[in-house]
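S.K.: pasted the sequence and its predicted model underneath.
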Amino acid sequence: MSDRVFSGSIPDVYDDYLVPLIFEQYAVDLARRSVALQPSSVLEVAAGSGVVTRAVAPVLGVGARYVVTDLNPPMLDRARARQPQDSRIDWRPADALDLPFPDETFDLVLCQFGVMFFPNRVRAYQEAHRVLRPGGSFLYNMWDRIETNEFADVVTNSLAEVFPDDPPQFLARTPHGHHDQTVYRRELIDAGFGEITVDSVSAISGAKKPSEPATAYCQGTPLRNEIEERKGPGLEESTSIVSDAIRERFGDGPVEGQIQGFVIHALRAP
């Protein structure tokens, strides 16, 4: 499915544009929450290009073990290339639905904005539960509704005007399509987790100019695949049209927009 294809130049554009735009602030927040748990063994799944790894590794204890995984080799390669040498980190390609680790191995399982891409979230949650030690924590993020994430909303609406017969819906469907708390609370309970807390976290996303968010979303996510599959304006022209829409909404020069997501903390029973 194209929603899960991060290939070609997508990982580089993703890391250069989208990570500073919307992911870095949440990575710092996740690192703060992680270190408060004082884990000695950490597993990160769906690590992407490594923004959480870069935030978490410096605050972990000197004797901690940190295993960083992703199903997509180009993304994991990008993450490894950007990370300073650290003997505590073990990089491994791995499927979150079939983790290659023994039961009760980790104190903490992390995942930043990755669970929306899992074809079977309950199965992934079961795997996280399985590899956690009793009393361990599963800490992850989900995006809120697209309407509360202003750049993503403008991108989606402007592309709907470009392709009115078949509007690209990747952003609304996948990153922002799984925000219902009742659904993922039930999924976590079905996977075996007990105590579950959900925090709503809002922030302001900023870029130096309108073309940066346009490039981030149109060329640094699987939205690119949808644009390139359709007849009509090509990728560059579509990106330019989106840039104009962002300029019209937020102004020329530096632009700012709201982003909003959730941080979910699920405990495995002691």
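M.R.: Right, received. Where do you want to start?
S.K.: where do the helices sit along the stretch 151-270 of the chain?
M.R.: Secondary structure of the stretch 151-270 of the chain, counting by DSSP state H, counting those that start in this stretch: helices at 170-173, 181-190, 211-219, 223-229, 235-250.
S.K.: report the contact partners of residue 219.
M.R.: 9, 10, 13, 17, 235, 239 (Cβ atoms under 8 Å, 6 or more residues apart in numbering). (Each C-beta comes from the backbone N, C-alpha and C, glycine too.)
S.K.: kindly recompute the last result at 10 Å.
M.R.: Applying Cβ atoms under 10 Å, 6 or more residues apart in numbering to residue 219 gives the contacts 8-10, 12-14, 16-18, 227-228, 235-236, 238-239.
S.K.: returning to what we had before: deepest of the helices of the stretch 151-270 of the chain, which one?
M.R.: Mean neighbour count (mean count of other Cβ atoms under 10 Å) peaks for helix 211-219 among those, with a mean of 24.
S.K.: the stretch 1-150 of the chain: strands as residue ranges?
M.R.: Ranges of strands in the stretch 1-150 of the chain, per DSSP state E, counting those that start in this stretch, are 41-44, 65-70, 89-93, 106-111, 132-143.
S.K.: follow-up on the earlier one: of the helices of the stretch 151-270 of the chain, which is nearest residue 123?
M.R.: Among the helices of the stretch 151-270 of the chain, helix 181-190 comes nearest to residue 123, with 9.8 Å by Cβ to Cβ.
S.K.: quick one, the closest one and strand 132-143 angle?
M.R.: Angle of helix 181-190 versus strand 132-143, following axes from the mean of the first three to the mean of the last three Cα atoms, to 10 degrees, is 160 degrees.
S.K.: list the residues that contact the spatially closest residue to residue 252 that is not a sequence neighbour.
M.R.: Nearest residue to residue 252, sequence neighbours excluded (Cβ to Cβ, 6 or more residues apart in numbering): residue 210, at 6.9 Å. Contacts for residue 210 (Cβ under 10 Å, 6+ apart) come out as 151, 154, 242-255.
S.K.: so which of the residues you listed would you say is closest to residue 114?
M.R.: residue 151 (19.9 Å).
S.K.: returning to that earlier point: and residue 103, which of the helices of the stretch 151-270 of the chain is closest to it?
M.R.: Closest of these to residue 103 is helix 181-190, at 18.3 Å (criterion: Cβ to Cβ).
S.K.: and residue 181, how far from residue 50?
M.R.: Per Cβ to Cβ, to the nearest Å, residue 181 is found 28 Å from residue 50.
S.K.: before we move on, what about residue 268?
M.R.: For residue 268, the distance to residue 50 - Cβ to Cβ - is 26 Å.
S.K.: more neighbours: which of these two?
M.R.: residue 50 (27 against 22; other Cβ atoms under 10 Å).
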